[in-house]
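Student: generate a structure from the sequence data that follows.
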Amino acid sequence: MIREQHDGHTGLVNKVGFGFSPNTSKLLENLVFLTIRRTTQDIYYFSSPGGYEVDFYLPETRQLIQVTQNLSNTPTLEREVRALQDAIQVLKPKGALILTDANGKDLQIDGVPVHIRSAAEWMLRP
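Tutor: As a prediction, this is how the structure comes out:
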């Protein structure tokens, strides 16, 4: 199932976010959303029947984007890749991107290239 993404207010997340630690993952996701929004209004997220979610799907470019604060632990990497696998089977995108704290080694899922990039570098690209 694909649903349109409507949030993207980092200030609002700071004001109404609950918890005792910084909500850096949601802030990072919102920053990525705002960066994407500069170039397109057509932004969705994907939710699979198995309960996996991909943060952003851009139908104009047929690109999937996952955002995670850090990929250094194996369960996080496996979770992000599993969500992309489900989405790739349904949406048949041209490519996928995982944005995180540092550049990483690219991979392929079912023949679809998946790039692992620093979110900061990606947001500052021309």
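
Student: hey, where'd the helices end up in this structure?
Tutor: 10-16, 24-37, 74-91, 119-123 (DSSP state H).

Student: bridging residues for the residue nearest in space to the middle of the chain?
Tutor: By CA atoms, centre = their mean, the mean C-alpha position of the chain lies nearest to Gln66, the distance being 2.2 Å. As for beta bridges, Gln66 partners with Ile98 under DSSP bridges.

Student: can you give me the pLDDT of it?
Tutor: For Gln66, the pLDDT comes out at 97.

Student: how near is it to Pro113?
Tutor: 14 Å (CB to CB, to the nearest Å). (C-beta placed from N, C-alpha, C; glycine too.)

Student: what do the two both touch?
Tutor: Ala96 (CB atoms under 8 Å, 6 or more residues apart in numbering).

Student: so where's the protein shaky on pLDDT?
Tutor: 1-23 (pLDDT under 70).

Student: how about 90 then?
Tutor: Scanning the chain for pLDDT under 90 picks out the ranges 1-26, 48-50, 125-126.

Student: find the nearest non-adjacent residue to Pro113, please.
Tutor: Leaving aside its sequence neighbours, Pro113 sits nearest to Gly95 (CB to CB, 6 or more residues apart in numbering; 5.1 Å).

Student: can you get me a residue count around the one you found?
Tutor: By other CB atoms under 10 Å, 14 other residues sit near Gly95.

Student: from what I can see it touches Arg117, true?
Tutor: No - judged on CB atoms under 8 Å, Gly95 makes no contact with Arg117 at a distance of 11.6 Å.
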